[in-house]
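Engineer: dropping the sequence and predicted coords here.
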Amino acid sequence: MPRPAAKLLPVAAALLSLGSSGLVQPGWGQPQWQPLPPAPGAGNAIPPSWNPVPPSTDPALPGASWQPVPPGDPGSGTPPQWTPVPAGDPALEQPPGASSAPTSGASTPTSAAEAEALLAGMLPTWADYPPMLRLGLLPTASQLTSSDFQVEIGQVSPFGSGESGGTGNQNYMGWATLGLTDYLQISGFYTQSDDPLYAFIPSKQPQPENRWDATGAALRIRLGQTSSLRFSMESSLEMFSVKSGGTNSFGSTSNSANIFNDVITSPVENNNLVGSLTLPVSWQPNRSLQVTFTPGVSFLPSSQGNSNGSGEFFGTNIFLGAGIVYQPAKKLQLFGSAMVPIGPGNNSFNSDLAFKRVPIYTGGLRYNLNPRIALEGYLTNGLGETPSTAILALPSDNQLLYAGRLVYTPTRPDERISSRPLSTEKLSLGGLTVSNAALLTAGTQRIRASVDSSGTYTSRFDLGFSDAFQFDLALGQIATASNPSSSFAQSLLSPGNSTIRGAGTALFFSQPRGDALSTALRLSYGRVLAPDNRSGYFFGELLNTRELTKTLSVNLNPKVALSGVENLFSVGISANWQFSKLFSLIPEINVAAAGGAQTNYTLAMRACPNQRFCVDVYGTNSLSLQDAGQLLTSQNPAIGLNISFAY
């Protein structure tokens with residue numbers, strides 16, 4: 001979490017004390033400083049602080065250096081203190097090969113602001129990374145510290161499309177959590193699923209439409225703790241909206257049957273007040289391992305219906321849960337959990353509408369790009385994403401699902417190591433149909449807009465959440481004049497109608513940091529905005545960039561677009577040659593690899609009068625510059641104009 005100004009002054013003092021020794025290689029004649037590592041069992045909840053002790057006046061301790069003294073109770077929050085070490089102590093021995101002369105060339109900070117800037121460039125400690133609040137669906141006893149804030153977005157979906165077709169039954173989720181104190185946190189959340197039931201229901205025709213929404217809040221309070229144990233309680237209150245039958249999906253023109261009674265013309269729609277209570281206990285014997293045991297109860301209605309009749313629903317579920325987190329490195333956490341319902345209600349039903357109890361299991365990993373940004377991927381058979389619905393399996397079938405989450409904690413420090421190319425920010429704009437792995441720096445924004453001679457247009461807004469992660473939101477439309485031959489384009493890109501897409505790009509390797517190349521992963525999802533069509537598809541690309549010289553970089557980007565209609569696989573190849581201070585040449589090709597992809601070409605001339613503003617003139621036979629449009633061709637090649645402005 002951010003270092004408060006009150007705590008920053010000692011840090012500044014520590015940095016100032018380095019003098020001409022710099023920050024890369026210390027001068028061994030100067031006092032040395034290092035943060036106290038977390039004690040075993042302390043976890044990641046307590047960030048290290050810096051609190052130097054005034055120099056000793058004891059003549060027996062000339063030229064004293066300093067070392068931290070561990071606090072008595074790792075869970076107390078007491079900051080480490082510093083005591084002088086006598087000259088000649090083995091702890092002060094110079095490492096083999098180190099120079100005894102002070103390192104020159106590093107500027108000395110002269111203020112707290114300069115010290116903060118230097119501190120921001122240092123590698124994060126274990127304590128900078130936020131704890132895992134949930135193991136997939138199971139709550140832990142971990143909590144955010146006071147004033148910490150965290151946002152999570154994600155989705156869970158089956159691997160197949162089922163009866164719903166398209167990309168299957170997604171449940172979308174969004175959470176926001178605030179640490180009110182070190183012992184109390186509050187969360188708000190919303191989840192939404194509006195796809196038909198996954199399995200075919202033989203007893204119901206037409207097949208039931210389905211919509212489940214949940215909105216609510218949860219409060220987690222720490223009841224007690226020891227050096228390695230934490231005891232917490234979490235309670236939630238939610239509005240669970242259940243609709244079965246009627247017309248829920250875009251494009252539906254007639255009423256479907258519902259699963260609660262036999263009146264087709266009367267859909268069942270209920271707003272249910274539900275809740276949950278859990279008592280998680282987490283044991284952390286060391287920094288790398290945490291084991292959680294969580295008994296709980298989910299209060300759900302036992303029936304749903306209307307004046308025409310009602311049918312069975314889940315009812316109250318008491319469950320026992322257990323989970324484990326193994327963290328072999330600061331950036332990687334492996335986790336698994338299980339929740340076993342013991343009654344009196346049920347948490348699953350099949351295609352015959354027979355209700356039963358099944359265990360909900362989860363296994364996956366979290367990768368921390370830095371303390372602010374984490375990516376989670378896991379497998380589960382649980383579709384619910386709120387405290388009350390987490391015990392529920394996929395409606396109509398107990399299927400294995402895949403899930404992904406983005407966890408953003410803006411109050412934690414960023415790893416301020418530039419992800420930009422080595423030579424110039426002009427290369428960081430990327431290409432047109434083949435992008436690169438250069439991300440915006442934290443806090444930077446960029447807008448882009450393009451239009452071609454066929455009438456196809458795209459617009460995109462980029463925002464750097466961190467040096468290692470950026471978000472983009474795009475709106476575009478493919479002109480009917482492009483006359484695409486692909487069935488994917490006709491169904492999912494819907495020429496003549498607008499589409500909206502959101503995406504995130506995460507940086508894993510960076511050439512400026514010393515890696516052989518820069519590598520990032522971009523994932524996007526969106527829908528057509530037609531009155532009778534809300535089709536969507538998933539798009540992903542692995543961005544690989546290598547800067548060969550100060551004026552030439554090359555890119556190799558495998559890409560995929562997945563849908564229930566057709567899948568596209570392609571490989572993008574491009575170069576960016578900055579042959580003058582003002583102009584760059586960008587040739588691109590997307591080579592069809594599998595599925596319904598089509599090979600296309602683009603050539604662009606870029607002019608950048610400054611680092612913020614660029615104009616591209618291009619010719620292409622790509623269907624569009626946006627996501628799946630990069631993997632398909634237009635029957636009518638076009639010339640276009642693309643403008644970009646960063647601020």
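Structural biologist: Everything's here; your move. Numbering: from 1, shown residues only.
Engineer: tell me what the residue nearest the centre of the chain is bridged to.
Structural biologist: The centroid of the chain falls nearest to residue 406 when counting by C-alpha atoms, centre = their mean (1.9 Å). On the basis of DSSP bridges, residue 406 is bridged to residue 153, residue 375.
Engineer: swap in residue 303?
Structural biologist: residue 312.
Engineer: what is the burial count for it?
Structural biologist: A count of nearby residues for residue 303, using other C-beta atoms under 10 Å, gives 12. Yep, even glycine has a C-beta here, placed from its N, CA and C like the rest.
Engineer: also residue 487?
Structural biologist: Counted with other C-beta under 10 Å, residues neighbouring residue 487 total 11.
Engineer: kindly state the domain boundaries assigned to this structure.
Structural biologist: Domain assignment of the chain by automatic domain parsing yields the ranges 1-128, 135-408, 425-646.
Engineer: quick one: the residue nearest to the centre of the chain and residue 173 touch, right?
Structural biologist: No: Residue 406 sits out of contact with residue 173 when judged by C-beta atoms under 8 Å, with a separation of 10.8 Å.
Engineer: any common contacting residues for the two?
Structural biologist: Common contacts of residue 406 and residue 173 (C-beta atoms under 8 Å, 6 or more residues apart in numbering): 152-154.
Engineer: list just the nearest of those residues to residue 618.
Structural biologist: residue 153 (33.1 Å; C-beta to C-beta).
Engineer: contacts only, for that closest one.
Structural biologist: Residues near residue 153 by C-beta under 8 Å, 6+ apart: 173-175, 405-406.
Engineer: just the buried residues of these.
Structural biologist: 173, 175, 405-406 (16 or more other C-beta atoms under 10 Å).
Engineer: buried stuff in stretch 184-199?
Structural biologist: Buried-residue list, stretch 184-199, by 16+ other C-beta under 10 Å: 184-185, 187, 189-199.
Engineer: could you list the buried residues of the helix or strand containing residue 319?
Structural biologist: Element membership for residue 319 (DSSP states H and E) is strand 317-329. Residues of strand 317-329 classed as buried: 317, 319, 321-323, 325, 327 (neighbour count, 16+ other C-beta under 10 Å).
Engineer: same question, stretch 470-483
Structural biologist: For stretch 470-483, by 16+ other C-beta under 10 Å, it's 470-472, 474-479, 481-482.
Engineer: pull the most distant pair out of these.
Structural biologist: Within the buried residues of stretch 470-483, 470 and 481 form the most distant pair, 32.6 Å apart (C-beta to C-beta).
Engineer: these two touch, right, residue 158 and residue 400?
Structural biologist: Yes: Residue 158 lies in contact with residue 400 (C-beta under 8 Å); the separation is 7.5 Å.
Engineer: between those two, which one's more packed in?
Structural biologist: residue 158 (21 against 12).
Engineer: re earlier: could the buried residues of stretch 470-483 be laid out in a markdown table, adding distance to residue 343 and pLDDT?
Structural biologist: A markdown table is the format used below for those (distance: C-beta to C-beta, whole Å; pLDDT from 0 to 100):
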| residue | distance to residue 343 | pLDDT |
| --- | --- | --- |
| 470 | 47 | 92 |
| 471 | 43 | 93 |
| 472 | 47 | 95 |
| 474 | 48 | 96 |
| 475 | 49 | 95 |
| 476 | 51 | 94 |
| 477 | 53 | 94 |
| 478 | 53 | 93 |
| 479 | 59 | 92 |
| 481 | 62 | 86 |
| 482 | 58 | 86 |
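Engineer: can you give me the helices for the stretch 451-600 of the chain?
Structural biologist: Taking DSSP state H, counting those that start in this stretch, the helices of the stretch 451-600 of the chain run over residues 487-488.
Engineer: need the strands for it, in chain order.
Structural biologist: 457-466, 469-477, 498-509, 518-528, 536-547, 552-562, 568-577, 583-595, 600-607 (DSSP state E, counting those that start in this stretch).
Engineer: likewise the stretch 101-250 of the chain?
Structural biologist: 134-135, 138-139, 149-158, 171-181, 184-193, 210-225, 229-244.
Engineer: make CSV from those strands and add mean pLDDT and distance to residue 524 to it.
Structural biologist: Formatted as CSV, the strands of the stretch 101-250 of the chain follow (pLDDT from 0 to 100; distance: least, C-beta to C-beta, whole Å):
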stretch, mean pLDDT, distance to residue 524
strand 134-135, 96, 25
strand 138-139, 96, 29
strand 149-158, 93, 13
strand 171-181, 95, 14
strand 184-193, 96, 19
strand 210-225, 95, 24
strand 229-244, 97, 28
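Engineer: nearest approach to residue 555 belongs to which of those strands?
Structural biologist: strand 149-158 (27.8 Å).
Engineer: state the mean pLDDT of stretch 383-394.
Structural biologist: Mean per-residue pLDDT for stretch 383-394: 95.
Engineer: in it, which residues are buried?
Structural biologist: 383-394.
Engineer: ends of it, how far apart?
Structural biologist: With C-alpha to C-alpha, to the nearest Å applied, stretch 383-394 spans 5 Å between its terminal residues.
Engineer: what of stretch 390-405?
Structural biologist: For stretch 390-405, the first-to-last residue distance is 15 Å (C-alpha to C-alpha).
Engineer: likewise for stretch 555-569?
Structural biologist: End-to-end for stretch 555-569, by C-alpha to C-alpha: 17 Å.
Engineer: hmm, back to that, pLDDT score for the residue nearest to the centre of the chain?
Structural biologist: Residue 406 is given a pLDDT of 93.
Engineer: how much space between it and residue 460?
Structural biologist: 19 Å (C-beta to C-beta, to the nearest Å).
Engineer: likewise residue 565?
Structural biologist: Applying C-beta to C-beta, the value for residue 565 to residue 460 is 24 Å.
Engineer: dump the domains of the chain to TSV, plus distance to residue 414.
Structural biologist: Rendered in TSV, the data for the domains of the chain read as follows (distance: least, C-beta to C-beta, whole Å):
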stretch	distance to residue 414
domain 1-128	7
domain 135-408	5
domain 425-646	5
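Engineer: quick one: contacts for the nearest residue to residue 521 once chain neighbours are set aside?
Structural biologist: Nearest non-adjacent residue to residue 521, counting by C-beta to C-beta, 6 or more residues apart in numbering: residue 506, 5.3 Å away. When contacts are counted by C-beta under 8 Å, 6+ apart, residue 506 is found next to 369, 373, 375, 468-469, 520-522.
Engineer: what do you get if the cut-off is 7 Å, keeping everything else the same?
Structural biologist: If you count contacts by C-beta atoms under 7 Å, 6 or more residues apart in numbering, residue 506 has them with 369, 375, 468-469, 520-521.
Engineer: now a PyMOL select for only the buried ones of those.
Structural biologist: Those of these that count as buried under 16+ other C-beta under 10 Å are selected in PyMOL with:
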select buried, resi 369+375+468+469+520
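Engineer: okay, who's weakest in the contacts of residue 506 by pLDDT?
Structural biologist: Among those, residue 468 carries the lowest pLDDT, at 89.
Engineer: give the contact list for that residue.
Structural biologist: With contact taken as C-beta under 7 Å, 6+ apart, residue 468 is in contact with 369-370, 373, 415, 419, 506-507.
Engineer: circling back: may I see the strands of the stretch 101-250 of the chain arranged in TSV, with distance to residue 631 as well?
Structural biologist: TSV is the format used below for the strands of the stretch 101-250 of the chain (distance: least, C-beta to C-beta, whole Å):
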stretch	distance to residue 631
strand 134-135	36
strand 138-139	39
strand 149-158	22
strand 171-181	25
strand 184-193	28
strand 210-225	32
strand 229-244	36
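Engineer: can you tell me the closest non-neighbouring residue to residue 147?
Structural biologist: Residue 147 sits nearest to residue 179 (C-beta to C-beta, 6+ apart), 6.1 Å away.
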